[in-house]
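Participant: Structure for this input, please:
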Amino acid sequence: ETILGVLAVITVLIGVLLILAVVHAGGSGGELLFNGLYQLFGVFAYFMPFLFFSIAYHLWKEELPNMRPLTALGLIATIIGISGFLQIISKTGNYGGLLGALIDTPLLQAFSIYFTSIVLLGLITIGTIITLNKKPSLHILVTPFNALLSYLHTVFRKREISSKEELVAETLLGELSQEI
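Facilitator: Purely as a prediction, here's the structure:
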């Protein structure tokens, strides 16, 4: 119990140090730690303080989160996919870190950038589905599509032409024929 409390405090201190290092207020040790994490994980290094705070919370409560091995595998697949994709789109930067470079370099050597991007987006999607244990809803796509169809239906539907509209059309056609 005492050891878990001490570990919780240490992980909170590391999380605070990482937050300070992000804003360049963590000293040379904080900079070294943050730069090392950034080189490894890319932009995920900015989320590391939250990871440490989450670990500290569970250590303090003396309970392990109820995470299935498949959920952890899905989270790892999502992180690998995002790191690889960030590495591809950064071109000159190192947004995916070493992890992103390890995944995208062999894929780019074997396939085109387009196929590699699609594979990594697929990995992100699969990892997210496994992590959340839920299929994505197509409701987000269906609702705008239905709204577009409804609008097009109202615009292009057949309707009765009033006598006033016929008079305007005849007048315009008459003026056009006189000009020709």
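Participant: Any figure for the gap between residue 119 and residue 71?
Facilitator: 22 Å (C-beta to C-beta, to the nearest Å). Backbone N, C-alpha and C define where each C-beta goes, glycine included.
Participant: Also residue 77?
Facilitator: On the measure of C-beta to C-beta, residue 77 and residue 71 end up 11 Å apart.
Participant: Same check on residue 127?
Facilitator: In terms of C-beta to C-beta, residue 127 sits 10 Å off from residue 71.
Participant: Pick out whichever of those two has more residues nearby.
Facilitator: residue 127 (20 against 15; other C-beta atoms under 10 Å).
Participant: Please report how far that one lies from residue 70.
Facilitator: Applying C-beta to C-beta to residue 127 and residue 70 gives a distance of 11 Å.
Participant: What about residue 12, how many residues nearby?
Facilitator: Around residue 12 there are 18 residues (other C-beta under 10 Å).
Participant: can you tell me the helix or strand for it?
Facilitator: helix 2-22 (DSSP states H and E).
Participant: Quick check: which ranges of this protein have low pLDDT?
Facilitator: Along the chain, the parts satisfying pLDDT under 70 run over 64-65, 136-142, 144-145, 155-170, 175-180.
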